[in-house]
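> here you go, sequence then predicted model.
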Amino acid sequence: MAADLFKALADPTRRTILDELTERSGQTLFEICSRLSMKHQLGISRQGVSQHLAVLEAAGLVETRREGRYKFHDLNTAPLRQIAERWLVPDPSEPEESTP
């Protein structure tokens, strides 16, 4: 799973898509394409954006849901938290929590 996550984050276009979903989760493919074109001046086809979204979905960073004929893309940050927690080292200056 970590390999898929790092692969997904390695591409600047995918990171831009994640930035847009951070700003407003629940966007359709059309909305994402429009924002990439207008806001970031990225000349990428709908098919290209769809392929990037598939990589993000395989890594668990994007979840999709259908409502009628529309498909919405939502950001899922849980995989990022798992990676961050994997290498966190406890701060020795902080007192340890005692368990009753």
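Right, received. Where do you want to start? Residues are numbered from 1 along each chain as shown.
> can you pull out the helices in the chain?
Using DSSP state H, the helices of the chain run over 2-10, 12-23, 29-40, 46-58, 78-86.
> turn these into a markdown table, including mean neighbour count and mean pLDDT.
Quick note: C-beta positions are derived from backbone N, CA and C, even for glycine. Formatted as a markdown table, the helices of the chain follow (neighbours: other CB atoms under 10 Å; pLDDT from 0 to 100):
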| stretch | mean neighbour count | mean pLDDT |
| --- | --- | --- |
| helix 2-10 | 14 | 92 |
| helix 12-23 | 17 | 97 |
| helix 29-40 | 16 | 96 |
| helix 46-58 | 16 | 97 |
| helix 78-86 | 12 | 86 |
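> and those helices: which comes nearest residue 72?
Comparing the helices of the chain by their distance to residue 72 (CB to CB), the top pick is helix 29-40, with 9.1 Å.
> the closest one packs against which elements?
Packing contacts for helix 29-40, counted by 3 or more CB pairs under 8 Å, 6 or more residues apart in numbering; DSSP states H and E, involve helix 12-23, helix 46-58, strand 70-75.
> how does it look with 7 Å?
In terms of contacts (3 or more CB pairs under 7 Å, 6 or more residues apart in numbering; DSSP states H and E), helix 29-40 is packed against helix 12-23, helix 46-58.
> what would the ones you listed look like in CSV with distance to residue 35?
Shown next, in CSV, are these (distance: least, CB to CB, whole Å):
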stretch, distance to residue 35
helix 12-23, 5
helix 46-58, 10
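> for residue 85, find the nearest of those.
Closest among these, once you apply CB to CB, is helix 12-23, at 19.0 Å.
> ok now the closest one, how far from the chain's centre?
Helix 12-23 has its C-alpha centroid displaced from the chain centroid by 7 Å (CA atoms, centre = their mean, to the nearest Å).
> equivalent analysis for stretch 43-58, please.
Computed by CA atoms, centre = their mean, the chain-centroid distance of stretch 43-58 equals 12 Å.
> circling back to that earlier point, which of the helices of the chain sits closest to residue 68?
helix 29-40 (14.3 Å).
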